[in-house]
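1. Sharing a sequence plus its predicted fold:
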Amino acid sequence: MADNITVLVVEDEPAIVELVTYSLREAGWEIRSAETAGAAWDSISRGKPDLVLLDWMLPDQSGLRLLSRLRADRDFQDIPVIMLTAKSMEEDKIAGLNNGADDYVTKPFSPRELLARSRALLRRKSPHLAEAPLRAGTVTLDPNSCTVAVEGQQIEIGNAEYKLLKYLMAHRERVFSRAQLLDKVWGDHAVIEERTVDVHVLRLRKALKSADGLIRTVRSVGYMLSEK
């Protein structure tokens, strides 16, 4: 999906908020969070998110009540909502869908499944946010299938190298320091030394084979992707 997608996570368990935030930031999305239905409403009123991940049980009121309020409001009724719930009973899932949820994920859930479901929902409900493949020289990166091809042939590439390549392709001809790449690609929670970025750049160049020249080293500064 597009890099400017904003997701509001409405959840009062910090560990789950951190897990979801880490998982979805890998997709380049902006994550906001709220611990209560009241705080969530305030956040939505200040800026409409592209997607809401909504916990069923919240400290001040149920997620279903907040969902009903959203669906009754003309300004917010079209926001895609995925329910996060520990409830696995079929009648509870039906209740959520009947109240206007677009999908649900039962805890404990796989972060990769949550990301896949989020992407699928946004493609269905907000097709204008769908991501087009990125191209630079002979390299094509498809964000929807998370694949990379060089001269039309799909290549093997590690997850870290994929994220690095995607970020550089989305911001071509711009130089980034190691610290900036750590922050933008791996996020604040990553415990990685700046020199580790050099290792991933080497691996990325090796994976790109004949297209390795796209990744340029800017002496004393950092790295960039350039077709010039």
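-> Ah, there it is.

2. Show me the domain layout of the chain.
-> Following automatic domain parsing, the chain resolves into domains at 6-129, 134-225.

3. Below-threshold pLDDT in this structure: ranges please.
-> In the predicted model of the chain, residues 1-4, 87-90, 127-132, 187-192 satisfy pLDDT under 70.

4. Helices along that one, start to end?
-> All helices of the chain, identified by DSSP state H, fall at 14-25, 37-46, 63-72, 90-98, 111-125, 159-170, 178-181, 194-208.

5. and of those helices, who's closest to residue 136?
-> The closest of these to residue 136 is helix 159-170. By CB to CB, the value is 5.3 Å. C-beta coordinates here come from the backbone N, C-alpha and C atoms, glycine included.

6. OK, contacts around the nearest residue to residue 203 once chain neighbours are set aside?
-> Nearest in space to residue 203, with sequence neighbours left out and distances taken as CB to CB, 6 or more residues apart in numbering, is residue 161 at 5.2 Å. Each residue near residue 161 by CB atoms under 8 Å, 6 or more residues apart in numbering is listed here: 200, 203, 204, 207.

7. Just send those back as TSV, with neighbour count and distance to residue 221 too.
-> As requested, the contacts of residue 161 are arranged in TSV below (neighbours: other CB atoms under 10 Å; distance: CB to CB, whole Å):
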residue	neighbour count	distance to residue 221
200	20	17
203	15	20
204	23	18
207	18	23
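
8. what's the closest of those to residue 146?
-> Using CB to CB, residue 207 comes nearest to residue 146 of the contacts of residue 161, at 13.8 Å.

9. measure the closest one to residue 201 for me?
-> Per CB to CB, to the nearest Å, residue 207 is found 11 Å from residue 201.

10. Please apply the same query to residue 143.
-> Distance of residue 143 to residue 201, computed by CB to CB: 21 Å.

11. Residue 61 too?
-> 49 Å.

12. Same check on residue 91?
-> In terms of CB to CB, residue 91 sits 52 Å off from residue 201.

13. One more: residue 20?
-> 29 Å.

14. what do you get for residue 119?
-> Applying CB to CB to residue 119 and residue 201 gives a distance of 27 Å.

15. Residue 11 contacts residue 33, correct?
-> Yes: if you go by CB atoms under 8 Å, residue 11 and residue 33 touch, sitting 6.9 Å apart.
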